[in-house]
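>>> below is the sequence, then the predicted model.
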Amino acid sequence: MVFTKKDYKSSDVLRLAFEASPVCTVLHALLSVTYAALKTAILALATANFVDTATEILQDVRPQGDIYWPLALLLLTLGVFTTIGAVTQLLCSRINLNLQRKLKPAVVRIHAALDFKHIENAESWELISRVSRDPVKSIMDGFSAFMQLLQIIISVSSVLILIVTQVWWAALVILAFSAPMFGLSLRAGKKTYQAGREAEKFNRRTDYLGEVLTGRDNVDERTIFGYDDEINRKWQEQYKAGRILQLKVTAKSFLITKSSSMIIALTALFVALTLISPVVNGQMTAGMFMGVMGAVFSMIQQLGFQMSRSLESISRTGEYMKDLTAFTQLSEAKDALSEPDVEPIAFESLEFRNVRFQYPSGDRLILDGLSFRLEAGCHYAFVGKNGAGKTTITKLLTGLYTEYEGEILINGKELREYSTSALKALFSVVYQDFAKYYISVKDNILIGDIHTKGKEAQAAHLAGLDETIAELKHGIDTPLGKILEGGQDLSGGQWQRVAIARSLISHAPVKMLDEPTAALDPISESRVYSDFEKVMRGKTTVFISHRLGSTKLADEILVIDDGKIIERGTHDVLMQANGQYAEMFEAQREWYQ
Ligand SMILES: Nc1ncnc2c1ncn2[C@@H]1O[C@H](COP(=O)(O)OP(=O)(O)OP(=O)(O)O)[C@@H](O)[C@H]1O
């Protein structure tokens, strides 16, 4: 199942359910129609038959034995319809399961292919989380509402036909009073979804604060700072604001739909009163009166309560579909889902020529005329103040943002002309906030190159993980973190080495370390960098670090400030130049004296 870019309507839920589970959907529709068309009317006739026979037996007009057949018919009718109801519910669960299996991956696929700018933009991120929170529930709610509406229409029509045969005008009165309720229910559904959309902002905040209050990641700081009460208060504020917003709309829609349901109920009562006279005059049998009244009350239930609920739900589905339309139309990154090429291109050089770049949601240039050239086989270090634009360079290199001015040339060819799979194979980056996967050490490393199997032990060795792995219960197969059974946690430094092993196993000829060692003490950091440098001798590396002792090893250091290179050269050259680098280096040296 795939979501194409189109204008989705609420009725598309029927098509989506059919695509996910064709046989069950058709069966469901057929059974729903049969159930609705026959149940109320047949039950009314069977009740009438039973009551009339019983009355005649009591009046000694008929023998007692005559009751068995109408009774059996009544029980059979009830049994058949209860079974149909249960089968329909089973089919619904089946459709739900198939949707889970097919729809969720389709949403995840769009999610994974999205242009990176949408992930970083608050507004589009809200849309994305609204659509992907529980797509199956939204579709199933809509599907069930449509099916229920179909049932109501058929069932109400069959009852109306029955009423028309007895008192024709009563049917018209009921219809006339129901009409305004349709519009009101649709409006109520739209308002409920829109309130949900507003409340989503609060939900996301409460989700986040909830995670801060109970999550494992914050447990140490929570204990030290003892901020539970304060965060709890904030959580309650946000929760209350979201709930009040939703409650207001729910209460309003409840009042509107329920008051109109009351009008229909009163109308039905009026019909019941008018039927008394035909019964007294002998134009209608008592059995038929009871059968018709049973049908009328079942119709009230359907018209007054179920119908308003279905219409409201369809309207909510319509709003969800508007979000789905906007979601599918968000721009995708080029070849976002492609895997890295198995064989990376032979890297020769990388050049930034007067590159200017501003984040789509930003209001200033982050890179402002940035120019530099890197050659294959050398070690480089980018240094500069916080926010100078160092990480931004890695985001442009890996193709996360392509809307820059100037040129970025790889082997003399513009970066945008390379396929995403080629770029993925060319660069490997270990970020400051690298991911910790709660899977085995081996799988953590293999993520670095999905094409390479069997080299994880070597990568672990090069990253200095031998000792750590030897201490783990099941060696390299030990699950990390506390999510899997038997999982063991690692120290910050050990996790960093796992992330570096992930980079080492990759075939990427250009490896970048964007300060993944920030949590390490200077000696460990310097060991990580010198180990990495040794392993990477003759290959191209880019280190980003604030610890200038570590970047000293680089063949060339590039100092970035205000989105430009302000100095470049070896450590000695830069020290002699006595510029920003020398100033930063001296300042750091003083800390250790
Ligand atoms: N997605 C984004 N949208 C808007 N602005 C951003 C985004 N990401 C980063 N920035 C801004 O771009 C600037 C450069 O950020 P970048 O992460 O490249 O700096 P850095 O040199 O790596 O900093 P540090 O040394 O602190 O890691 C910062 O001012 C930051 O606020």
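Thanks, I have the structure now.
>>> longest helix anywhere in this protein?
Across the chain, the helix with the greatest residue count (assigned by DSSP state H) is helix 228-280.
>>> what packs against it?
Using 3 or more C-beta pairs under 8 Å, 6 or more residues apart in numbering; DSSP states H and E as the contact test, the elements touching helix 228-280 are helix 135-166, helix 168-214, helix 286-300, helix 307-328. Yep, even glycine has a C-beta here, placed from its N, CA and C like the rest.
>>> which one, of those, ends up nearest to Lys511?
Smallest distance to Lys511 across the helices and strands packed on helix 228-280 (C-beta to C-beta): 32.7 Å, for helix 168-214.
>>> can you name the element that comes right after that closest one?
Moving toward the C-terminus from helix 168-214, the next helix or strand (DSSP states H and E) is helix 219-225.
>>> pLDDT averaged over that following helix - what is it?
On average, the pLDDT along helix 219-225 is 70.
>>> run through who's touching that helix.
Helix 219-225 is contacted from outside by 212-213, 227-228, using C-beta atoms under 8 Å, 6 or more residues apart in numbering.
>>> need the residues of the protein near the ligand, please.
By the rule C-beta under 6 Å from any ligand atom, the part of the chain lying against the ligand is 120, 359, 361-362, 366, 384, 386-392.
>>> just the buried ones out of the residues you listed, please.
Buried by 16 or more other C-beta atoms under 10 Å: 120, 359, 366, 384, 388-392, out of the residues of the chain next to the ligand.
>>> mind putting the helices and strands packed on helix 228-280 in TSV, mean neighbour count included?
Formatted as TSV, the helices and strands packed on helix 228-280 follow (neighbours: other C-beta atoms under 10 Å):
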stretch	mean neighbour count
helix 135-166	20
helix 168-214	17
helix 286-300	21
helix 307-328	22
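>>> output those in TSV, with mean pLDDT appended to each entry.
As requested, the helices and strands packed on helix 228-280 are exported to TSV (pLDDT from 0 to 100):
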stretch	mean pLDDT
helix 135-166	85
helix 168-214	71
helix 286-300	77
helix 307-328	84
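>>> what backbone torsions are found at Lys511?
Lys511 adopts backbone torsions of phi -110, psi 130, taken as degrees, to the nearest 10.
>>> swap that for Asn121, please
phi -90, psi 130.
>>> surely it meets Ser331?
No. Using C-beta atoms under 8 Å, Asn121 is not in contact with Ser331, being 11.5 Å away.
>>> higher neighbour count, the two?
Just comparing Asn121 and Ser331: by other C-beta atoms under 10 Å the higher neighbour count belongs to Asn121, 17 against 11.
>>> who's in contact with that one?
Counting by C-beta under 8 Å, 6+ apart, Asn121 makes contact with 360-361.
>>> can you tell me how far it sits from Pro360?
7 Å (C-beta to C-beta, to the nearest Å).
>>> residue in the stretch 1-150 of the chain nearest to the ligand?
Taking C-beta to the nearest ligand atom, the ligand has its nearest neighbour within the stretch 1-150 of the chain at Glu120, 3.9 Å off.
>>> list the contacts of the residue nearest to the spatial centre of the chain.
Centroid-nearest residue in the chain, with C-alpha atoms, centre = their mean: Ser132, separated by 2.6 Å. Applying C-beta under 8 Å, 6+ apart, we find Ser132 in contact with 107-108, 111, 327.
>>> so which of the residues you listed is the most crowded?
Neighbour tally across the contacts of Ser132 (other C-beta under 10 Å): the maximum, 23 neighbours, falls on Phe327.
>>> can you tell me the closest non-neighbouring residue to the residue of the stretch 1-150 of the chain closest to the ligand?
For Glu120, ignoring the flanking residues on the chain, the nearest one in space by C-beta to C-beta, 6 or more residues apart in numbering is Ser361 at 6.7 Å.
>>> and that neighbour, what does it touch?
By C-beta under 8 Å, 6+ apart, the contact set of Ser361 is 117, 120-122.
>>> ok, now Thr53?
When contacts are counted by C-beta under 8 Å, 6+ apart, Thr53 is found next to 62, 66-67, 70, 287.
>>> the same query, at a cut-off of 10 Å, please.
By C-beta atoms under 10 Å, 6 or more residues apart in numbering, the residues touching Thr53 are 61-62, 66-71, 73, 287.
>>> could I get these as JSON lines with secondary structure?
Below are the contacts of Thr53 laid out as JSON lines (DSSP: H, G, I helix; E, B strand; the rest coil):
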{"residue": "Val61", "secondary structure": "coil"}
{"residue": "Arg62", "secondary structure": "coil"}
{"residue": "Asp66", "secondary structure": "helix"}
{"residue": "Ile67", "secondary structure": "helix"}
{"residue": "Tyr68", "secondary structure": "helix"}
{"residue": "Trp69", "secondary structure": "helix"}
{"residue": "Pro70", "secondary structure": "helix"}
{"residue": "Leu71", "secondary structure": "helix"}
{"residue": "Leu73", "secondary structure": "helix"}
{"residue": "Gly287", "secondary structure": "helix"}
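>>> and for Leu255, the neighbour number?
11.
>>> ugh, typo on my part, it should be Glu343
By other C-beta under 10 Å, 10 other residues sit near Glu343.
>>> against which helices or strands is the helix or strand hosting Asn444 packed?
Taking DSSP H and E as the criterion, Asn444 maps to helix 441-446. For helix 441-446, the elements it packs on are helix 456-462, helix 466-471, helix 492-505, judged by 3 or more C-beta pairs under 10 Å, 6 or more residues apart in numbering; DSSP states H and E.
>>> just the C-alpha atoms of the second one, please, in CSV.
C-alpha atoms of helix 466-471 as CSV (Å, rounded to 0.1, in the frame of the first residue of the first chain):
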residue,chain,number,x,y,z
ASP,A,466,38.0,-5.2,23.2
GLU,A,467,38.1,-4.8,27.0
THR,A,468,34.6,-3.6,27.2
ILE,A,469,33.2,-6.5,25.1
ALA,A,470,35.3,-9.0,27.1
GLU,A,471,33.5,-7.8,30.3
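>>> what's the offset of that helix from the middle of its chain?
How far helix 466-471 lies from its chain's middle: 38 Å, per C-alpha atoms, centre = their mean, to the nearest Å.
>>> tell me the buried residues in that helix?
468-469.
>>> avg pLDDT for that helix?
Mean pLDDT, helix 466-471: 88.
>>> helices or strands next to that helix in the packing?
Helix 466-471 packs on helix 441-446, helix 456-462, helix 492-505, going by 3+ C-beta pairs under 10 Å, 6+ apart.
>>> list the buried residues in the first one.
Translated: helix 441-446. Neighbour count says helix 441-446 has 441-442, 444-446 buried, by 16+ other C-beta under 10 Å.
>>> buried ones in stretch 500-519?
Buried, per 16+ other C-beta under 10 Å, within stretch 500-519: 500-517.
>>> any chance of the helices and strands packed on helix 441-446 in CSV, plus distance to Lys39?
Rendered in CSV, the data for those read as follows (distance: least, C-beta to C-beta, whole Å):
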stretch, distance to Lys39
helix 456-462, 63
helix 466-471, 67
helix 492-505, 61
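>>> closest one to Ser310 among the ones you listed?
Smallest distance to Ser310 across the helices and strands packed on helix 441-446 (C-beta to C-beta): 51.3 Å, for helix 492-505.
>>> what's that closest one packed up against?
strand 427-430, helix 441-446, helix 456-462, helix 466-471, strand 510-514, helix 522-535.
>>> by how many degrees do that helix and strand 510-514 diverge?
160 degrees (axes from the mean of the first three to the mean of the last three C-alpha atoms, to 10 degrees).
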